[in-house]
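1. My questions are about this predicted structure, shown below with the sequence.
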Amino acid sequence: MSKKTKRVLSLLLSSVLLLSMLGACGATQVPPTVESPQAGTQAPAAQTPATTAQAPDQDRPVTRGIVVATDMETPSLLPARHTSVHGHWKNVMTHNGLFRFAYDSVVPVLDAAYSMTPLSDTLFEFRLREGIMFHNGEEMTTDDVVASFYFVRTMPEGNAMHASVVGIEAVDRYTFILDTGVPNAMMVGDLASQPNFIMPRSLIESGHDFNADPVGSGPFKFREWNLGTSITLERFDNYFDTERSARVEYVEWRIIPEGASRTIALEAGEIDYITTVSFPDLPRLEAHPDITVTGIPSLTMHYLLFNHTLPQFSNLYARKAIDMALDKHSMVQVGFDGRGVPVWEQFPTMLPGISSEGIRSFDPDGARALLAEHNIDPETLGFQMYVFNEEMRRKAEVAQANLADIGITTTIVMIDLATWLAQTSGGHHEAAFGNFTSSCIFLFLRGTMHSASRGGMNRSHMNNPEADALIERAVSSVDPDARLAILYEMTEWANHNATWAPINVGMTFRAYNANLIAPELAPVGFMFMNMMYWAQ
């Protein structure tokens, strides 16, 4: 088998991403990829596909499973109980929302919902597809949507992605009305996000443990979870969307923390797919005749988070000096073997509304001068930096040397992802290397900076009324031009205030058996194992 390597290493993709992001953020009508029923007609049974884009050949037989290696374990299999991409990868296999993100464009398209009809700027009538079956044999109805939406509100990890929905009213078995309270540009994106996935009302009310047994309606159903070792999901034969039903019998996720071990396992045929490729191993994998490597610029923002509740990080000039001291080109070179783009803006520059006003540059002399000008003793600014993978640790070592050069002492603390999430959500950290991936600047701003997201995705624990007001104005604006102007104002404010120290936007790489046919990568790194199949 000859090598098949696909790599897109230029941010020329940005123009394509911009169009996708504008569609994802501003969608307040039924996406054009799905036709709404005519007034007075009945929604079709659920075997009608949500979309026909890139559908697999229906004559292709269901074949053996896929063994996937990932670098770390999800903190939870309950969709609303985490904000981890490692959990999201499993959640989209076992659950459905009213919308889903199209993997080839990251634009939300209808999924469990058959239609969405705007009744006003704040009220929307939804109709479910009929005949969607949960893994426990029950049919999905409006009651399940209502119960799931009240359920997510009890969970701080997922509640931020439900904030756009303030009310829900059942009309009949398949029809309900959502109320956003105020015009809200985030509603469709929220409804496509995993915290809003739908679960059976009967199990919610009975206190079912969805982490131990994640019952949904997705193309795969849960088989077993061996903590620290593997998670196995098997094909669900009654999946409603026949064109997106699974073409493999099962997917086994193996947790292999060491990058070199993942590479060796793929070369030896012990696994079929790597979600997180070790950057030093990329040339070796790209040269392998039986392995496919795919790469694409991603929307993942990497940064050094500051806990704003602590004295050293409540000082604006201390944050600015730390940012100026970091050699981000060296951090990308050491952490990612140069496969990333250093940034000084607080957000991914590919998203619309990102300002470059107020950014800084690598200037250790300027950092020392700024601390001296404001009578800040660098010895009082020492802190710990949490990391949870190899790439973060390597970047942290560069940062440690950079900060020592201006007199700030730091300590690197390596912890697992679940601990990192718990510590940073709870504010039990000083600083932490982290990343955030979002298909929409609204989701990024609200999740990482709004005070309502503290205890969840706002891991800086910012509580700034000015920032909150700007975010709320942008989200509720119905005028696209006015909304874009507010976004520029908000992101310029973030640059000036050095919310965190941005490091880089990343590259998403996957490596897998060359006989495995997988969808093209999306810039947010989504994976849909139901769309993968074996060529032979």
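-> Structure's in. What do you need? Numbers count the residues shown, from 1 in each chain.

2. Can you report how many residues lie near Tyr250?
-> 17 (other C-beta atoms under 10 Å). The way it works is simple: take the backbone N, C-alpha and C, and place the C-beta from them, glycine included.

3. cool, and Pro297?
-> 24.

4. what do you get for Gly137?
-> A count of nearby residues for Gly137, using other C-beta under 10 Å, gives 8.

5. the longest helix in the protein is where?
-> Longest helix of the chain, by residue count under DSSP state H: helix 480-497.

6. Can you name every helix or strand that it contacts?
-> Contacts of helix 480-497 with other secondary structure elements, assessed using 3 or more C-beta pairs under 8 Å, 6 or more residues apart in numbering; DSSP states H and E, are made with helix 441-449, helix 465-476.

7. Quickly, which of those bottoms out on average pLDDT?
-> Within the helices and strands packed on helix 480-497, the least confident segment by mean pLDDT turns out to be helix 441-449, at a mean of 86.

8. Show me the strands in the stretch 201-350 of the chain, by range?
-> Secondary structure of the stretch 201-350 of the chain (DSSP state E, counting those that start in this stretch): strands at 220-226, 230-235, 250-255, 273-274, 291-306, 341-342.

9. So which of those strands is nearest Ile517?
-> When the strands of the stretch 201-350 of the chain are compared for distance to Ile517 using C-beta to C-beta, the nearest one is strand 291-306, at 9.4 Å.

10. starting at the chain centroid, how far to the closest one?
-> Taking C-alpha atoms, centre = their mean, to the nearest Å, the mean C-alpha location of strand 291-306 is offset from the chain mean by 11 Å.

11. Note down every partner strand of it and its orientation.
-> Each strand pairing with strand 291-306, determined using DSSP bridges, is listed with its direction: strand 5-7 (parallel), strand 431-437 (antiparallel), strand 501-513 (antiparallel).

12. Quick one, which of those strands gets closest to Thr292.
-> For Thr292, the closest of the strands paired with strand 291-306 is strand 501-513, at 5.6 Å, according to C-beta to C-beta.

13. Let's test this: mean pLDDT of the helix or strand following the closest one, rounded?
-> Taking DSSP states H and E as the definition, the helix or strand that follows strand 501-513 towards the C-terminus is strand 516-517. When pLDDT is averaged along strand 516-517, the result is 94.

14. Pull up the pairing partners for strand 516-517, direction included.
-> Using DSSP bridges, the strands paired with strand 516-517 are strand 533-534 (antiparallel).

15. ok so, going back, which among the strands paired with strand 291-306 is found nearest to Thr275?
-> The nearest among those, by C-beta to C-beta, is strand 501-513 at 6.6 Å.

16. Pick out the shakiest of the strands paired with strand 291-306, pLDDT-wise.
-> Across the strands paired with strand 291-306, the stretch with the lowest average pLDDT is strand 5-7; it has a mean of 35.

17. check contacts around the residue lying closest to Val68 once chain neighbours are set aside.
-> Take Val68 and drop its neighbours on the chain: the residue closest to it by C-beta to C-beta, 6 or more residues apart in numbering is Tyr273, 4.6 Å away. For Tyr273, the contacting residues are 66-69, 266, 510-513, 516, 518, 532, by C-beta atoms under 8 Å, 6 or more residues apart in numbering.

18. can you tell me how far Tyr273 sits from Ala369?
-> Computed as C-beta to C-beta, to the nearest Å, the Tyr273 to Ala369 distance reads 50 Å.

19. one step back: what's the distance between the residue nearest to Val68 and Leu227?
-> 21 Å.

20. Just give me the residue right at the centre of this protein.
-> The residue at the geometric middle of the chain, judged as the C-alpha nearest the mean C-alpha position with C-alpha atoms, centre = their mean, is Thr437 (4.5 Å).
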